[in-house]
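Quick one: sequence plus predicted model below, questions after.
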Amino acid sequence: MFRKVTAVLARLREGVLGSLERRLLGALILIIISTVALQVVSQSRALALRSESEDLGTSISMAEHSGQLLKLVVRFRLLSHKAAGTADPDAAATSDELTDAAMEIGQAVNNLRLDGAQAFDWSSERAAFEDLDRVVAAVMAPAPGSNAGEDRVDAMLAAAAILAEESQLRRDKAYAQLERSTHDWHSQVIVIGTIILLVALGVLVDVMRNILPALRRMHGALHRLAEGELEFGIEKFKLRELNALSIPLETFRRNALQVRNLAFTDPATGLPNRRAFIERSTRRLRKTAGEGSAFVVAFDIDRFKFVNDDYGHAAGDTLVRLMGERVLRFLGEDALIARVGGDEFAIFCTTADGTTPTTLCSALAAHMRKPFEFDGYSIAVTISAGFIEVAAGSSDDINLLLNRADLALYASKREGRNRVTPFTDDLEDERDLARALERDLAEALTTGELRVVYQPIYSASDGADEVEALVRWRHRLLGDISPARFIPAAERSGLMPQLGAWIIERALSDLSGWNGLAMSLNLSPLQLQQDGFVSFLLECCRKNQIQPERVYLEVTETISIERNTRALLTLELLRSAGFRIALDDFGTGYSSLCMMKTFDFDRLKLDRSLVEDVGTNATSMAVFHAAVNMARQIGAEVVAEGVSEEHLVATASEAGCTHLQGFHLSAPVEANMVERVFAATADWKADARGPATDPLRCAAA
Ligand code: C2E
Ligand code: CA
Ligand code: CA
């Protein structure tokens, strides 16, 4: 039974309550039925009441008339007694009175007949009131021994009494009936009215408690979807109409989420991509208000290109994936880790537990140094990282923060890789300057802001003298800019081949006027990769009638570091064309020694950082001696750069350096001063007094 009831209720809920349309329609039908019922009841009750009140009116009138009849009959009886008891002369008067009374009775009976024809059957009683004149006669002149007159009067009295009683009873009944009916009517009206009210109230409560909130929830879900929010489930609604909408919406949301996940996920690592990182870390940053500070880290794998070159791109991809997994395990779920470039990752973290970004990044870098074992390889790499700290809850743009972390990352790269650098404003200034330089350099090539100066290189053993060509840029607004700054800018902006060509043409043209002098030219690895560079250089020499043997080409170890086979090939070609090749800045990088194995250099230039400390630092001294010995063993010349003090002249010469270069001997000088510098040096050599002194240095650029 209970089951049946619940099944019926469930069907009702399904069939009627489950649909907004049916629910409202049902409520409306209920209200209409109730209103019609109320109307019908009211009408029928009104009709019944009318007939009942008519009945009551008749009963009242009958009761009145029968009461009147009784009174008249009683009076008639009194008069008849009076007439029977007296034989006086006034008896005539009594007969008149009796006749009058009889007429009044007749009238009353008539009235009663008019009212009560249909009220009740009083035909037997009515018989008592017939032939009233005879009754009067019988009363007035009774036949001897006959009581007929008196009997008739008694019969009349009895009939009148019955009539009075009957009609009163009937009046009371009609009254009671009317009262009952009125009461019933009231009750029915109240019941139906209450039903209508309850239905209306039910509809109102349903609308307020179920329908409107459901509509509001649906509206909220639509709003969130419109805002692009997809990480929530669209609920199932009881109302069929809303459910019909919520099901396709949920499908739409899931599809959109999938599409977005695809668009927001890096397929190789499964990590969020740059877009997702920006979006999610922006949300997290806003939410972290009051949680200490947050920071954004950018890091990448040092010399990732080598991994690709040595092990193949598949191994490179695996390494990146494994690195992502390792970072994820190391930092846990609280950190947001994304792959934002080939081998570049970004991290968003908070420092609620008091860890500083520096400690965290250093720990991360150490963790990443452990070798990655896969596919039979064991690959160990280092990472370079940059980070920026920001107050939690700030409204900073994550794009900007990531760019700044990137700047710090590049600084780590510049500083030699395998390190962590915090972002500082200087980095941004530097970047802005670099951009300005990149922008203005092309113009400088044509406006005469560039020139070439020459720094003498002296032979320690009375050999031939030479100069190193060094480019200079006097920016119209920024003044003198170091080549150490604008050469990298030219390399970044793609202007290096053009700038390099300009320097070579300028320098070789100057050299053509300086008989007997040799010249060193600095080359960027980019120039060595340039198509037709060898023929260009040979053509310049030919034009200026310079033997390639007079030209030293200085390169740094960066050509080897970047595994630039093409550059190394060009270098071989140049060497076989007669140019001499020098390894510049020996001792500054990690692979100077390696480089010596890769290429057969004619000359080594010991970096001034090695030379400057020679007199004071035992380790520098040891390295210096080792480098000189090594160079001498392979038959290369050795130039000591940065001879900036007197004592270094003797130290470097005695250690075995074949050439000396430095501010103590001569700073770089303008082209028109070169011959004068060497003329003075010639005097010095002749006088054996020592290197060129003040007048020369005054002329330095
Ligand atoms: P580098 O090839 O090592 O050039 C030597 C640098 O050391 C020059 O700086 C020179 O002025 C400076 N120097 C020479 N003697 C001394 C000394 O006694 N003490 C000190 N403190 N410095 C000394 P500069 O001209 O600023 O050049 C910096 C770097 O810019 C060069 O280093 C070279 O790598 C690059 N560079 C300069 N000119 C050119 C160029 O024409 N082409 C290319 N590709 N690079 C150039
Ligand atoms: Ca150089
Ligand atoms: Ca150098």
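Right, received. Where do you want to start? Residues are numbered from 1 along each chain as shown. Ligands and ions are numbered 1, 2, ... in the order given.

pLDDT below threshold where in the stretch 351-500 of the chain?
Scanning the stretch 351-500 of the chain for pLDDT under 70 picks out the ranges 352, 463.

now with 80?
351-354, 462-464 (pLDDT under 80).

Ramachandran coordinates for the residue of it found nearest ligand 3?
Residue nearest to ligand 3 within the stretch 351-500 of the chain (Cβ to the ion): Glu468, separated by 8.5 Å. No exception for glycine: its C-beta is placed from N, CA and C like everyone else's. Taking degrees, to the nearest 10, you get phi -110, psi 130 for the backbone angles of Glu468.

Then Phe372?
phi -100, psi 120.

check contacts around it.
Leu319, Leu322, Met323, Arg326, Ser378, Ile379, Ala380, Val381 (Cβ atoms under 8 Å, 6 or more residues apart in numbering).

who in this protein is up against ligand 2?
By the rule Cβ under 5 Å from the ion, the part of the chain lying against ligand 2 is Asn522, Glu554, Asp584.

Might you report the residue contacts of the second one?
The one in question is Glu554. Glu468, Ser520, Leu521, Asn522, Leu523, Ala582, Leu583, Asp584, Lys605.

quick check, the helix or strand the third one falls within touching ligand 1?
Under the assignment given by DSSP states H and E, the secondary-structure element containing Leu521 is strand 518-522. Yes: using Cβ under 6 Å from any ligand atom, strand 518-522 comes into contact with ligand 1 via Asn522.

Count the neighbours of Ala408 for me.
24 (other Cβ atoms under 10 Å).

Contact residues of the stretch 401-550 of the chain facing ligand 1?
So the stretch 401-550 of the chain meets ligand 1 at Gln455, Ala469, Leu470, Val471, Ser482, Pro483, Ala484, Ile487, Ile503, Asn522, Leu523, Ser524 (Cβ under 6 Å from any ligand atom).

Just the pLDDT at whatever residue of the stretch 201-350 of the chain ends up closest to ligand 3, thanks.
Nearest residue of the stretch 201-350 of the chain to ligand 3: Arg303, at 23.0 Å (Cβ to the ion). Predicted confidence (pLDDT) for Arg303: 91.

Adjust the sequence numbering to begin at 41 for everything that follows.
With 41 as the first residue, the last one maps to Arg343.

Okay, it and Thr398: tell me how far apart.
24 Å (Cβ to Cβ, to the nearest Å).

do Ala240 as well
Going from Ala240 to Thr398 by Cβ to Cβ gives 71 Å.

Between the contacts of Glu594, identify the one with the most neighbours.
Neighbour tally across the contacts of Glu594 (other Cβ under 10 Å): the maximum, 28 neighbours, falls on Lys645.

need the contact list for it.
Here Lys645 is in contact with Glu594, Ala622, Leu623, Asp624, Asp625, Phe626, Val678, Val679, Glu681, Gln701 (criterion: Cβ under 8 Å, 6+ apart).

ok so, going back, buried subset of the residues of the stretch 441-590 of the chain next to ligand 1 as a ChimeraX selection?
Here is the ChimeraX selection string for the buried members of these, based on 16 or more other Cβ atoms under 10 Å:
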select :495,509,510,511,523,527,543,562,563,564
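
Of the residues of the stretch 441-590 of the chain next to ligand 1, which belong to strands?
Of these, the ones assigned to strands by DSSP state E are Gln495, Ala509, Leu510, Val511, Asn562.

Arg343 and Thr398: who's more crowded?
The residue with more neighbours, out of Arg343 and Thr398, is Arg343; 18 against 14, by other Cβ under 10 Å.

For that one, what are phi and psi?
Dihedral angles (degrees, to the nearest 10) for Arg343: phi 50, psi 50.

Give me every residue in the chain lying close to ligand 3.
Residues of the chain lying near ligand 3 (Cβ under 5 Å from the ion): Asp624, Asp625, Glu681.

can I assume the first one sits in a strand?
I take that to be Asp624. Yes: assessed by DSSP: H, G, I helix; E, B strand; the rest coil, Asp624 belongs to a strand.

Let me see the confidence value for it.
Reading off the model, Asp624 has pLDDT 94.

mind listing what it touches?
Contacts of Asp624 by Cβ under 8 Å, 6+ apart are Asn562, Glu594, Val595, Thr596, Lys645.

from memory the third one sits against Ile621, does it?
I take that to be Val595. Yes: in this structure Val595 lies within contact range of Ile621 using Cβ atoms under 8 Å: 6.8 Å.

hey, what's in contact with both of those two?
With Cβ under 8 Å, 6+ apart as the test, Val595 and Ile621 both reach Leu611.

which stretches of the stretch 41-190 of the chain form helices?
Taking DSSP state H, counting those that start in this stretch to define them, one finds helices in the stretch 41-190 of the chain at 42-52, 60-125, 131-156, 163-167, 172-180, 188-246.
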